[in-house]
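In: Compute the structure for the input listed below.
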Amino acid sequence: MENVIKDIGERLRGMREILDISPAEMAVVTGVAETEYLGVEAGQKDFSFTFLYKAAHRFGLDLTELITGESPHLTGYTLVRQGDGLPIERRAGFKYLNLAASFRDRAAEPFLVTAPYQAGAEAADISLNTHAGQEMDFILSGTLRVQIGGNEEILHEGDTVYYDSSRPHGMVAISGKPCQFLAIVINTSGCGTEAK
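Out: Numbers count the residues shown, from 1 in each chain. Model (predicted):
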């Protein structure tokens with residue numbers, strides 16, 4: 001995992017320098033302090049999925065390219081078998097499998113997400129993030145406590161929530177076991193992952 005963090009940090013620094021973007025601007029774009037952003041570039045700090053999503057969007061890169069260093073190449077369709085997908089492990093044990101990482105110019109990022117259960121999650125504060133676009137989460141198994149802005153919902157197997165992801169949002173698994181859900185992050189800019 002340390003090598004993955006360092007590799008992504010190097011790609012971040014390389015793209016920022018190629019595009020002549022200051023560390024201060026990237027810190028604002030990704031929602032962290034400049035020192036934290038530079039720590040990520042140096043491979044010394046971990047990062048969230050939201051951080052990567054925002055950085056890729058600013059660079060005009062596909063998220064897959066930022067994570068792996070390789071461009072997606074499929075255009076007609078892509079098939080991901082059960083248990084496969086591009087793994088991303090971020091945010092306190094959350095596991096993401098990108099289900100369309102090989103498809104070029106995606107209008108959405110579909111993920112199979114496993115949220116770990118942590119004791120006390122039923123009453124704990126939820127860490128919130130924001131990113132451009134919209135998101136849909138469909139619960140496959142378990143129970144998810146979701147906060148969107150000032151609203152909180154409890155989602156069970158078969159439930160769906162759809163929301164404006166520029167609103168602060170976050171989620172935790174509750175009821176004593178992990179929660180698995182399909183998350184689809186939708187780019188509403190109408191231009192794939194290209195930056196404006």
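In: the strands in the protein, which residues?
Out: Using DSSP state E, the strands of the chain run over residues 86-90, 94-98, 108-115, 134-141, 143-148, 151-155, 160-164, 169-174, 179-186.
In: What strands line up against the third one, and which way round?
Out: Put plainly, it is strand 108-115. According to DSSP bridges, strand 108-115 has the following sheet partners: strand 94-98 (antiparallel), strand 179-186 (antiparallel).
In: can you redo those strands as a markdown table with mean pLDDT and mean neighbour count?
Out: For every residue, glycine as well, the C-beta is placed using N, CA and C. Formatted as a markdown table, the entries for those read as follows, by pLDDT from 0 to 100; neighbours: other C-beta atoms under 10 Å:
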| stretch | mean pLDDT | mean neighbour count |
| --- | --- | --- |
| strand 94-98 | 89 | 19 |
| strand 179-186 | 96 | 20 |
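In: Switch those strands over to CSV; also include distance to Glu25.
Out: Written out in CSV, the entries for the strands paired with strand 108-115 read as follows (distance: least, C-beta to C-beta, whole Å):
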stretch, distance to Glu25
strand 94-98, 26
strand 179-186, 23
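In: Indicate which one of those is closest to Leu19.
Out: Taking C-beta to C-beta, strand 179-186 is the member of the strands paired with strand 108-115 nearest to Leu19, at 22.8 Å.
In: what does that closest one rub up against?
Out: Taking contacts as C-beta atoms under 8 Å, 6 or more residues apart in numbering, the residues outside strand 179-186 that touch it are 53, 96, 107-115, 117, 131, 133-144, 155, 165, 173.
In: Select the helix or strand of this protein having the lowest average pLDDT value.
Out: strand 86-90 (a mean of 76; mean pLDDT, DSSP states H and E).
In: Looking at the strands of the chain, spot the one closest to Ile67.
Out: Distances from Ile67 to each of these were compared by C-beta to C-beta, and the smallest falls on strand 86-90, at 6.5 Å.
In: low-scoring pLDDT stretches of the protein, where are they?
Out: Within the chain, the stretches falling below the threshold (pLDDT under 70) are 1-2, 89-92, 189-196.
In: Next one: the residue positioned nearest the centre of it from Leu63, what distance?
Out: When the chain is reduced to its mean C-alpha position, the closest residue under C-alpha atoms, centre = their mean turns out to be Phe49, at 3.1 Å. When C-beta to C-beta, to the nearest Å is applied, the distance between Phe49 and Leu63 equals 9 Å.
In: Other residues contacting the lengthiest helix in the chain?
Out: Under DSSP state H, the helix in the chain containing the largest number of residues is helix 2-18. Counting by C-beta under 8 Å, 6+ apart, the neighbours of helix 2-18 from elsewhere in the structure are 22-23, 26, 40-44, 46-47, 52, 55, 59, 61, 66-67, 69.
In: can you rerun that using 6 Å?
Out: Contact partners of helix 2-18, identified using C-beta atoms under 6 Å, 6 or more residues apart in numbering, comprise 26, 40-41, 43, 59, 66.
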